[in-house]
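S.K.: Fold the following, please.
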Amino acid sequence: MMSRTGLVILEEDHANFIAVLEELLEESNAKFVFLLDKNGQQIARTGDLGDGDPTALASLAAGNVAATEGLAQLIGETEFSTLFHEGEKDSLHISLISNKIILLVIFDEHSSLGLVRLRVKQHLKELAGVVNVVLTRDNGGSASLTAAALGDITDEDIDALFG
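M.R.: Residues are numbered from 1 along each chain as shown. Sure thing, here's the model as predicted:
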C-alpha cells in the first residue's frame, strides 16, 4: 500500500495505473507517460525519460498546472484541463483527471499531437475510473485500510525486517 499526499493507493491500483499507462505509451508512440498528483507526488510512470529527473519533472509539471489554474481563473474559466508545450525535439501533453491527478505524456517526432490527444482521450475514462476508486475508498477512511494492511503483518515479518 502506498500513501500519496492523503491518497491511499494499493498495489492493485498501482498495477491498474501502470497497465493503462503502458497501453497509452504504446498506442500513442510516446517516450514517457507519468501520473502524479497536484502536489507533484509521483503515482505511476512508464517509458524512458533518459537522463531526466522524474522528481523535478513531477514538481515542475504540478507547478505548471497550478499556474495555469490561476490563469484560467483570471479570465473566468474554472480550469484548463489540457495543456500542451511544444519543444524543438520533445513535446509535453498534460491532462487533468478528476481535477486531482495529472497525466503527463512526453513525445517526440515519432508521434504527433493529434495521435497523443486521441489516445489520451481514449484512456482518460479508464484512468478516471481507477482514480475515482482510490478517491472513494480514501473517503471511506484510510485509517481502517492502514489497520487492515498492518493486520496482515506477522511478528515473523517484523523480526525479518528489523532482525
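S.K.: mind listing the helices for the protein?
M.R.: 11-28, 54-74, 113-139, 142-151, 155-162 (DSSP state H).
S.K.: Looking at those, spot the one closest to residue 44.
M.R.: helix 11-28 (3.9 Å; CB to CB). For every residue, glycine as well, the C-beta is placed using N, CA and C.
S.K.: buried residues in that closest one?
M.R.: Residues of helix 11-28 classed as buried by neighbour count (16 or more other CB atoms under 10 Å): 13-14, 16-18, 20-21, 23-25, 27-28.
S.K.: Could you do stretch 81-90 as well?
M.R.: Buried residues in stretch 81-90 (16+ other CB under 10 Å): 83, 90.
S.K.: Stretch 50-68 now?
M.R.: Applying 16+ other CB under 10 Å to stretch 50-68 flags 57-59, 61-62, 64-65, 68 as buried.
S.K.: mind putting those residues in CSV, distance to residue 8 and pLDDT included?
M.R.: As requested, the buried residues of stretch 50-68 are arranged in CSV below (distance: CB to CB, whole Å; pLDDT from 0 to 100):
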residue, distance to residue 8, pLDDT
57, 24, 93
58, 19, 93
59, 22, 93
61, 22, 94
62, 20, 93
64, 26, 93
65, 22, 93
68, 28, 92
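S.K.: quick one: contacts for residue 120?
M.R.: Residue 120 makes contact with 24, 28, 93, 95, 103, 105, according to CB atoms under 8 Å, 6 or more residues apart in numbering.
S.K.: at 7 Å instead, please
M.R.: Contacts of residue 120 were listed using CB atoms under 7 Å, 6 or more residues apart in numbering, and they are 24, 93, 95, 103, 105.
S.K.: Turn those residues into CSV, columns for distance to residue 128 and pLDDT.
M.R.: As requested, the contacts of residue 120 are exported to CSV (distance: CB to CB, whole Å; pLDDT from 0 to 100):
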residue, distance to residue 128, pLDDT
24, 13, 96
93, 16, 96
95, 10, 94
103, 10, 96
105, 16, 97
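S.K.: ok, of those, which one's closest to residue 137?
M.R.: Nearest member of those to residue 137, counting by CB to CB, is residue 103, at 20.2 Å.
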